[in-house]
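Visitor: compute the structure for the input listed below.
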Amino acid sequence: MNYSQQGQWEEEAEKLQVELIEERKEVLGEGHPSTLTSINNLADTYSRQGRWEEAEKLQVEVMEKSKEVLGEGHPDTLTSISNLASTYRNQGRWKEAEELEMKVIETRRTVLGAEHPSTLTSMANLASTYWNQGRWKEAEELEMKVMETRRTVLGAEHPSTLTSMANLASTYQNQGRSKDAEELFVKVMEASSRVLGEEHPDTLTVMAILASTYMNQGRSKDAEELFVKVMEASSRVLGKEHPDMLNAIGNLALTYINQGQSKEAEELEVEVMEARLRVLGEEHPDMLTAIGNLASMYQNQGQWKEAEELFVKVIEASSRVLGEEHPDTLNAIGNLASTYMNQGRSKEAEKLFVKVMEASSRVLGEEHPDTLTAMANLAFTKKDLGHNDVAIDLMERSATASSKVLGDKHHNSLSRHKQVAAWSVVPGSEDENSDRE
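Guide: Here you go, the predicted model:
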């Protein structure tokens, strides 16, 4: 079965799941565990399709019924709470996700014990929520704890231990600790190859992340070699239209962009977009990501009109599907603002950057890396409009917060401090490396 056929199959499966729910409600009752399992399965189907609001509605129903029938501390109730938290995460509702995850951790720790696999999974989920909020230190502490406990309880090369190591490595990468991240990713990849096999999906996932690390270090050739390896293996193991396969193609396209191979990159991005359209539909979040990537590529090639059209399309669809203040929507608005800047439309860009910064502050927090990037971009816009004092103030605030959150040696911290110095020394001057973010 290819993934286009699977999309059709999921439509049929959804109909059957709805029928089964109605039947079980009638025969067994609304609160029967089998009825709740069926409702949860339908919620999973909605989640896979990116239909978060519909999934959320069902998961709330399951959670409330589970509390009523099974009790708040029952494992199935805790799983339902955890599933709802996951949906909140996918909607960018980090605070609500965090509250639920804390509750699950505390209950599982009491009922199952601090070292039970389910307790550790809950801690890893909370770390992921911290990670998405840019709270790297808190994420690191939890991930370290989970990794060490899994190593003791399950063994150094157990798949769950390796997952913990990979999560910790990703946190290092986001803190600008590229070498630490690389060392850990290499360790995970080698162990995963031994334990699971070189072409196991988990091994390929880690390999792709390691390739991204190489790309961030400017090692485009090393990244390309790994991405090609991942793509070829994914095609054999998972199929040509599997989401992981399409991610691999998209990553390879980014590597080509970094090496100035625009045509090759464009061909791959179009291939990914068309495949996701067939498999997922026009407004699935992964489809919107593919359109956004193609738009970014047009932007890099100076094809501003083409980029603008696609970014507008992404914003409109993302606002409908995910919400106007979802991080993915805000990211698309920021990209559109950058496109306006590149066309000399500074006033239009300014409005959008203000919108992104204010919404990001509300949703993610004032010191989240995305908020600080929006602030830095707004500073560049103010500078272009001749508002020098405002530009310096914004860039200084962004630089100071970046040092606090990301560390003094992170590339964003360094570039922002450098920009403040350049603007402060000679009024109206512009540093030669003043690339917008």
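
Visitor: which SSE is residue 231 in?
Guide: Using DSSP states H and E, residue 231 maps to helix 220-237.

Visitor: packing partners for whichever helix or strand comes after that helix?
Guide: Going down the chain from helix 220-237, the next helix or strand is helix 243-258, by DSSP H and E. Contacts defined by 3 or more CB pairs under 8 Å, 6 or more residues apart in numbering; DSSP states H and E place helix 243-258 against helix 201-216, helix 220-237, helix 262-280, helix 285-300. For glycine as for every other residue, the C-beta is placed from the backbone atoms N, C-alpha and C.

Visitor: any idea which of those helices gets closest to residue 362?
Guide: For the helices and strands packed on helix 243-258, proximity to residue 362 was assessed by CB to CB; helix 285-300 is nearest, at 21.0 Å.

Visitor: tell me the average confidence for the closest one?
Guide: The average pLDDT for helix 285-300 rounds to 89.

Visitor: out of the helices and strands packed on helix 243-258, which is closest to residue 355?
Guide: helix 285-300 (17.4 Å).

Visitor: now the helices and strands packed on helix 243-258 as CSV including mean neighbour count and distance to residue 410?
Guide: Output for the helices and strands packed on helix 243-258, formatted as CSV (neighbours: other CB atoms under 10 Å; distance: least, CB to CB, whole Å):
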stretch, mean neighbour count, distance to residue 410
helix 201-216, 22, 12
helix 220-237, 19, 20
helix 262-280, 18, 27
helix 285-300, 21, 22
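
Visitor: so which of these gets nearest residue 371?
Guide: Nearest to residue 371, of those and by CB to CB, is helix 285-300 at 19.5 Å.

Visitor: and the closest one with helix 243-258, angle?
Guide: Here the directions of helix 285-300 and helix 243-258 differ by 10 degrees (axes from the mean of the first three to the mean of the last three CA atoms, to 10 degrees).

Visitor: quick one, strands of this protein?
Guide: For the chain, strands defined by DSSP state E do not occur.

Visitor: if I look at the spatially most central residue of it, how far off is residue 28?
Guide: Geometric centre of the chain, nearest residue: residue 132, 7.5 Å, by CA atoms, centre = their mean. Distance, residue 132 to residue 28, by CB to CB, to the nearest Å: 38 Å.

Visitor: contacts for the helix holding residue 231 next, please.
Guide: With CB atoms under 8 Å, 6 or more residues apart in numbering as the test, helix 220-237 has contacts from 198-201, 204, 207-208, 210-212, 214-215, 242, 244-245, 248-249, 251-252, 255-256, 258-259.
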